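Requesting a structural model of the entry that follows:
(one chain, ligands or ions: 1)
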Amino acid sequence: MAAVEVHDIVKSYRKGAVQALHGVSFEAGHGEIFGIIGPDGAGKTSLFRILTTLILPDSGTASVDGLDIVRDYKAIRNCVGYMPGRFSLYQDMTVEENLTFFATVFGTTIRENYHLIKDIYSQIEPFKDRKAGALSGGMKQKLALSCALIHKPSVLFLDEPTTGVDPVSRKELWEMLRQLKQQGITILVSTPYMDEASLCDRIALILDGRFIGIDTPQHIADNFGEPLWAVGSDNMSKLLRDLRANPHVTSAFTFGARHHVTTDGKPTEQELRDYLSGLGHHDVEIETIRAGIEDCYMKLAREHR
Ligand SMILES: Nc1ncnc2c1ncn2[C@@H]1O[C@H](COP(=O)(O)OP(=O)(O)OP(=O)(O)O)[C@@H](O)[C@H]1O
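This next block holds a predicted model:
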């Protein structure tokens, strides 16, 4: 049995006026890091709240560690750890008071499960008497993760743990997740950052309440299935307009310093170069590149819209 099984979950708000999830299904295996990747408002938080039994779906079924999210909600609350995107800490309580509080709620103590959080908590322990509200973003995140782990959950839900966190702390967090995985904990993590996809064992790409792709990051990239060019010139904003105006160009988006371009396969690289030179572009660069997860997301999003 999978650690998390989800079948056709539908969720709406305001009497159906806002449709947050349109029939989401997937499974996450034991000890897997499963990433849910998509922009703000795509439905990630709604899904996590349903799976951690905080809200009910309109329809569909799901189980966590073999327990039904509706019938067995009390048991699920004991076996999952949940780190919401915001407001998981009591800002006026100290670091140690926060952790003690979460341990007490679950009928355990810091000492009993210290081994689980040691690597993470030891980094903030020197500040254990500091109010949580006075911690840096990275330290808050380490404390929130320690609080979510203190009752030894079998499945950990992390909702956008790296949003608004500095690059060093982001890297440290992913390293911590690797270590937790090695201890057998299943991790569901949501993120709007496509570059974090490669750090997950498998990912689901979510768009407007629908999963538009589920696979390993490698397979998703391998299945891009069409040539992709990175294109640059001396006038990048005109270049984007000119690329989009070309009838053979099926998509053109800015990625960093260049535009990523797909076509219907008709123009050769030289023909595209001639087209752009003819429109007054200089220093035209065209390079065939391998698709990243963001390219795949854009393509799948186009196909689903
Ligand atoms: N309590 C609520 N009442 C009404 N609409 C809601 C409520 N919660 C979420 N929504 C709407 O449901 C949709 C999905 O929101 P959700 O928070 O699940 O997405 P998300 O991917 O987690 O995005 P974010 O990172 O912005 O929270 C959005 O359109 C959101 O505005």
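
Got the domain ranges for the protein?
2-219, 224-288 (the TED database).

number of nearby residues for M83?
M83 has 21 neighbouring residues, counting by other CB atoms under 10 Å. In this view, the C-beta of every residue, glycine as well, is placed from N, C-alpha and C.

doesn't L145 make contact with it?
Yes - judged on CB atoms under 8 Å, M83 makes contact with L145 at a distance of 5.9 Å.

burial of V10, as a residue count?
Counted with other CB under 10 Å, the neighbours of V10 add up to 15.

Hmm, I typed the wrong one, I wanted G292.
19.

Quick check, pLDDT for it.
Here, the pLDDT recorded for G292 equals 94.

tell me the phi and psi of it?
Phi and psi for G292, reported as degrees, to the nearest 10, are phi -100, psi 180.

just for the stretch 101-250 of the chain, where's the confidence low?
Along the stretch 101-250 of the chain, no part satisfies pLDDT under 70.

So which bits of it are right by the ligand?
For the stretch 101-250 of the chain, the residues in contact with the ligand (CB under 6 Å from any ligand atom) are E160.

Taking the stretch 151-300 of the chain, what residue is nearest to the ligand?
Nearest residue of the stretch 151-300 of the chain to the ligand: E160, at 5.9 Å (CB to the nearest ligand atom).

Excluding chain neighbours, give the residue nearest to that residue in space.
Nearest in space to E160, with sequence neighbours left out and distances taken as CB to CB, 6 or more residues apart in numbering, is G85 at 4.4 Å.

list the contacts for the one you found?
45, 159-161, 163 (CB atoms under 8 Å, 6 or more residues apart in numbering).

next one: L240
L240 sits in contact with 252, 254, 259, where contact means CB under 8 Å, 6+ apart.

Are any of these buried, and if so which?
Buried members of the contacts of L240, counted by 16 or more other CB atoms under 10 Å: 252, 259.

Give me the subset of the contacts of L240 lying in strands.
Per DSSP state E, strands hold the following members of those: 252, 254, 259.

For S88, which residues are in contact?
S88 sits next to 82, 144, 147-148 when contact means CB under 8 Å, 6+ apart.

quick revisit: tell me which two of the contacts of G85 sit farthest apart.
Within the contacts of G85, two members stand farthest from each other by CB to CB: T45 and P161, at 12.6 Å.

who's more crowded, the two?
Summary of the neighbour comparison: T45 and P161, criterion other CB under 10 Å, with P161 having more neighbours (26 against 19).

measure that one to I117 for me?
Counting by CB to CB, to the nearest Å, the separation of P161 from I117 is 15 Å.

gap between the strand or helix carrying E5 and the chain center?
Secondary structure assigned from DSSP states H and E places E5 in strand 4-13. Between the centre of strand 4-13 and the centre of its chain there are 17 Å (CA atoms, centre = their mean, to the nearest Å).
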